[in-house]
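> Generate coordinates for the sequence data below:
(chains A and B)
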Amino acid sequence: MSKESKGKNNKNRLSKVAYLILGLILLIAGVGMTVYRIYFLRTRMNSTDVSKDYNSTYVFVVSDIDDEFMREAYYAAKEAGKEKGVYVELMGNGLRGSYNKIDYLTMAIASKPDGIIVEADESPEIKNLINDAKSAGIPVVTMLVDSSDSERKAFIGPNYYDLGKMYGTGVYNVGSSVGINVTVLIPENMSEANRNNIYQGILAEANAGPKTYSIDMKLVNCKSMLTTEEDVRNIIYNDKETNIFIATNPDITTCTYQALIDYNKISSVKYIGYYKNASVIKGISTGAVDATVILDSEDMGNQCVQALYEYINNNYVSSYIPTGISLIDKSNVENYLTDK
Amino acid sequence: MAKSIFKSKFKKLTKQLSVNKQLSFAFALTIAIIIMVNLLVFAIIDRELEDHDEAYASNKYNSKLSEEIKTVHDNLTEYVLTKSTGAMENYYKDIEKLKDLVHEMNLSDNDEMILGMQHDLVSMIDEYISLTEKTVQSKRGRNVLKYKESYESASKMEEYILDYIYSINVLQFQQNNDRYDVMKKSMHYLEISSIIFIILITGCTFLLLQYFSLHITVPIEKLADNAIAISEGNFDTEIAVSDRKDEIGVLSRTFSEMLVSIKDYMAREKKNLEEQRDIRERELKMEAKAKDAELKYFLSQTDPHFLFNTLNAGMQLAMLEGASKTSSYIGNVAKFFRYNLKKDNGVTNIEDELKLVDYYMAILDVRFGGEIKLVKDIDESLLYTEVPKMIIQPLIENSVNHGIRNMEGKGVIYLSIYKEADKVIISVSDNGEGMSSEIREKILDGTYKKPEGDNNGNGVGLINIISRLRLFYNSDDVVDIAEKCEYGGFEMNLKIPEKGPRE
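Here you go, the predicted model:
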């Protein structure tokens, strides 16, 4: 190859390389800028269009949106809803003002959802609101606590007799070393029927052994945390005979635990709580709390969505759906300690 | 395929443009690329800035919506309290405004929770509007119980709505802040990527410019290389003739044509010179042959064997008759002629040449009765120097015939052989008549012609010696005729190279 043709080839190669580089850079720049735009827009649009992704909306109304048990139930409901194309909204989540269950239920009705899941009670206000919702064409299911006189479509919660039996098992387990006096702290607004169911359940299980326990039921004003605390403290302070205390709702559990510590009764009496939280679980592991009865929150949340969905689609649902109950004591507390 | 067609068309176009236009095109193209890149970057930055503006648009909307709800409720309250027509008109006007405003609500571009709340808000505002309408209707119908109840419900709903708007606003503000941070970061990346992009494009544009520059300068450089090669005498340099239509194409074509013209001219000149040389060569050969023929003519004038035998017979006869002088004379004559008959390729040495001179002088002694004297001054060491045959005796003969034969008094011939530098000088001089400078010049340059009727052949003999010596030694500087002789007559010096003839 002559020198000249070599030079020509080199020149051709140089020009080809120049074209190639130029083309490549323009391509990379174009693609890069486009990808960048799309990526950026995606980060901006990192949201779900409720109306597009979901077919319907259920509102989840609870008295305390920060309650751990209710949060667990809500997340389970939300997941269950997602599978069915239902957006489950926790009413009051994100609101700045502080509201009670009645406010939340009012807002929920005004927001015209496809269904409402409410942690009810037997108060007439709740009953009226549930009936209003029904009039507005919104089906309501109650959970944990029922509003049995209302026009709710179903109640998803514990079977109180089963609950009582679970307490009875606890009494049976822990009561061998102490006396026979059992005090059950019951929320004032619990229906008479439920109270009886619990009582009967405890009796059935606790007295299955050689011991016969004397069961006393004391009502606690649960309108607010302050009244609950006041009542629980009074009961424990004035009590001289009780060997085993049983709490039947989360607030009563917390207040009783604190009062027993404060009045230095923790080592002399046995204590069975209701519901689990970090301090109760810790109490069980250290021996300060003997046992606690828990409901399966996830099962409850899930069942609520299933029930509403079933009613909306089939126009029928069973009016009572029980949720799982279990007892945590020293023998199985390990499982819950390793839990989150 | 399409690309190659485009490329060839592009090349064709650039080849047809003048250099000035080609350069302008290159600069315009590079500037256009840079401007385009800048515009692209500006467009993207502009879009980013728009996003920045949009970031807080939702907050503005919320505050507007909140104000509108309050206005509607104020009007409602005023109407409930005063039942004034103005308040009612204002209420209806603001209700429409509120409805329009609700339609403008951006129900996308938010996270799930905000979106859920916005849907609730829309329904609640709807509920609120129907409650207010119910209130107004009841008020107009003077149903105190009913309007009181619905007014309270509406007030409660307004309270919820305002809190909803406020809460959504706070959540959106947080969301927008997050977005603003993302945008700030993205602006930063954009800045860096734009800088890199512009640098890369500038680099590429430089390469492109370089390509254009090479497109123009490479043919010129090639022409310059060709010109240098030609100036160094390499006329066979191949010039790639460009088919470009620009000045460079013109330059390369005319340069190529010029080279062809020069080559033609040089070939013609060379042919002329060769022809002239051939003519001269032929002339010289003819001249040499003529001289050779002349010499042969002289040598063939007598039959040497016959002469030699005759002389021997004469010598023997003289001895029988007791004439010893005659015998010696005839013996010398015989030896003189025998020398000429020796087969020696025309080369001998100085000693033999001196012997011949002795024979000749002995003959002359008899002829001229001792009137001619030869004085020899010989460097004995030079006797074996090789010389062409018959170069000394003809010189002596020349001195005898032209120098001293016709003079009065005793003629003396001086023969001296000596070394001077790297040459052996054989000098023959006499005290005779000498030679005119005209003849001397003619003899030296070989143009001397024998005068009509002169049968001695003397000048011719000298010319013969000179030309033989020149041929033999391949040199012009082999002979010298002195303008003035030390002894008053003619003096000729042969300058024999000691090392023999040149190769």
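> Give me the phi and psi for A:Gly97.
phi -70, psi 160 (degrees, to the nearest 10).
> B:Val424 and chain A: what is the separation?
According to C-beta to the nearest C-beta, to the nearest Å, B:Val424 and chain A sit 60 Å apart. Where you see a C-beta, it was placed from the backbone N, CA and C, and this is true even at glycine.
> Pull the contacting residues for that residue.
Taking C-beta atoms under 8 Å, 6 or more residues apart in numbering or on different chains, we find B:Val424 in contact with B:350, B:382, B:385, B:417-418, B:495-498.
> The closest residue to B:Lys442 other than its chain neighbours: how many residues sit nearby?
Take B:Lys442 and drop its neighbours on the chain: the residue closest to it by C-beta to C-beta, 6 or more residues apart in numbering or on different chains is B:Tyr448, 3.9 Å away. Neighbour count for B:Tyr448, taken as other C-beta atoms under 10 Å in any protein chain shown: 18.
> mind checking the SS state of B:Tyr448?
Three-state call for B:Tyr448 (DSSP: H, G, I helix; E, B strand; the rest coil): coil.
> Spell out, range by range, the helices that occur in the stretch 151-300 of chain A.
For the stretch 151-300 of chain A, helices defined by DSSP state H, counting those that start in this stretch occupy the ranges A:160-174, A:192-206, A:225-238, A:250-262, A:278-286, A:297-314.
> cool, chain B as well?
Listed in chain order, the helices of chain B (DSSP state H) span residues B:2-16, B:19-55, B:57-82, B:85-103, B:112-140, B:144-231, B:247-299, B:304-320, B:324-341, B:350-368, B:393-398, B:437-445, B:458-473.
> Flag every buried residue along the helix or strand where A:Ile130 lies.
Per DSSP states H and E: A:Ile130 is located in helix A:124-135. Of the residues in helix A:124-135, A:126-127, A:129-131, A:133-134 count as buried by neighbour count, 16 or more other C-beta atoms under 10 Å in any protein chain shown.
> For B:Lys423, state which of these is nearest.
Using C-beta to C-beta, A:Ala133 comes nearest to B:Lys423 of the buried residues of helix A:124-135, at 148.9 Å.
> hang on, the earlier thing: most neighbours per residue, which of the helices of the stretch 151-300 of chain A?
Comparing these on average neighbours per residue, with mean count of other C-beta atoms under 10 Å in any protein chain shown, the densest one is helix A:160-174 at a mean of 23.
> Need the CA coordinates for that one. PDB is fine.
Taking C-alpha atoms only, helix A:160-174 is exported to PDB below (Å, rounded to 0.1, in the frame of the first residue of the first chain):
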ATOM      1  CA  TYR A 160     -67.300 -12.800  74.300                       C
ATOM      2  CA  TYR A 161     -68.000 -16.200  75.700                       C
ATOM      3  CA  ASP A 162     -64.800 -17.500  74.000                       C
ATOM      4  CA  LEU A 163     -63.100 -14.500  75.300                       C
ATOM      5  CA  GLY A 164     -64.300 -15.300  78.800                       C
ATOM      6  CA  LYS A 165     -63.100 -18.900  78.400                       C
ATOM      7  CA  MET A 166     -59.600 -17.600  77.400                       C
ATOM      8  CA  TYR A 167     -59.500 -15.500  80.600                       C
ATOM      9  CA  GLY A 168     -60.700 -18.600  82.500                       C
ATOM     10  CA  THR A 169     -57.800 -20.600  81.000                       C
ATOM     11  CA  GLY A 170     -55.500 -17.800  82.200                       C
ATOM     12  CA  VAL A 171     -57.000 -17.900  85.700                       C
ATOM     13  CA  TYR A 172     -56.700 -21.700  85.800                       C
ATOM     14  CA  ASN A 173     -53.000 -21.400  84.700                       C
ATOM     15  CA  VAL A 174     -51.900 -18.700  87.100                       C
END
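> re the thing from before, can you put the buried residues of helix A:124-135 in a markdown table and add distance to chain B and pLDDT?
Shown next, in a markdown table, are the buried residues of helix A:124-135 (distance: C-beta to the nearest C-beta, whole Å; pLDDT from 0 to 100):
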| residue | distance to chain B | pLDDT |
| --- | --- | --- |
| A:Ile126 | 16 | 93 |
| A:Lys127 | 18 | 94 |
| A:Leu129 | 12 | 95 |
| A:Ile130 | 17 | 96 |
| A:Asn131 | 16 | 95 |
| A:Ala133 | 12 | 95 |
| A:Lys134 | 16 | 94 |
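> Among these, which one lies nearest to B:Asp74?
The closest of these to B:Asp74 turns out to be A:Leu129 (C-beta to C-beta; 28.2 Å).
> Check the secondary structure at A:Thr142 for me.
When classified by three-state DSSP, A:Thr142 comes out as strand.
> OK, contacts around it?
Applying C-beta under 8 Å, 6+ apart to A:Thr142 gives the contacts A:117-120, A:130, A:150, A:152, A:154-157.
> what about the residue nearest the centre of chain A, helix or strand, and which?
The centroid of chain A falls nearest to A:Met70 when counting by C-alpha atoms, centre = their mean (2.3 Å). A:Met70 belongs to helix A:68-84 when assigned by DSSP H and E.
> other SSEs contacting that helix?
Applying 3 or more C-beta pairs under 8 Å, 6 or more residues apart in numbering or on different chains; DSSP states H and E, we find helix A:68-84 packed against strand A:56-61, strand A:86-90, helix A:297-314.
> Tell me which of the ones you listed sits nearest to chain B.
strand A:86-90 (4.5 Å; C-beta to the nearest C-beta).
> thinking again about what came up before, neighbour-wise, which of the contacts of B:Val424 leads?
Ranking the contacts of B:Val424 using other C-beta under 10 Å puts B:Ile496 first, with 26 neighbours.
> correct me, but that one touches B:Glu353?
No - assessed by C-beta atoms under 8 Å, B:Ile496 is found out of contact with B:Glu353, at 10.7 Å.
> about what we covered before: dump the helices and strands packed on helix A:68-84 to JSON lines, plus distance to chain B.
Formatted as JSON lines, the helices and strands packed on helix A:68-84 follow (distance: least, C-beta to the nearest C-beta, whole Å):
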{"stretch": "strand A:56-61", "distance to chain B": "7"}
{"stretch": "strand A:86-90", "distance to chain B": "4"}
{"stretch": "helix A:297-314", "distance to chain B": "15"}
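> Would you format those as CSV with distance to B:Asn110 and mean pLDDT included?
Formatted as CSV, these follow (distance: least, C-beta to C-beta, whole Å; pLDDT from 0 to 100):
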stretch, distance to B:Asn110, mean pLDDT
strand A:56-61, 15, 94
strand A:86-90, 14, 93
helix A:297-314, 24, 94
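> Quick one, grab the pLDDT at A:Asn12.
On the pLDDT scale, A:Asn12 is placed at 61.
> Now the residue in the stretch 51-200 of chain A that chain B sits nearest to: closest residue in space that isn't a chain neighbour?
Per C-beta to the nearest C-beta, A:Ser111 is where the stretch 51-200 of chain A lies closest to chain B, at 3.6 Å. Spatial nearest neighbour of A:Ser111, excluding adjacent residues (C-beta to C-beta, 6+ apart): B:Asp120 at 3.6 Å.
> can you check B:Tyr339 too?
Among residues not flanking B:Tyr339 along the chain, B:Leu356 sits closest, at 4.9 Å (C-beta to C-beta, 6+ apart).
> Now do the same contact list for the one you found.
Neighbouring residues of B:Leu356 by C-beta under 8 Å, 6+ apart: B:336, B:339, B:390, B:392-393.
> from those residues, which two are the most distant?
B:Phe336 and B:Ile392 (13.0 Å).
> Please work out how many residues are found near the nearest residue to B:Glu158 once chain neighbours are set aside.
Closest residue to B:Glu158 apart from its sequence neighbours, by C-beta to C-beta, 6+ apart: B:His73 at 4.8 Å. Residues contacting B:His73 under the criterion other C-beta under 10 Å number 22.
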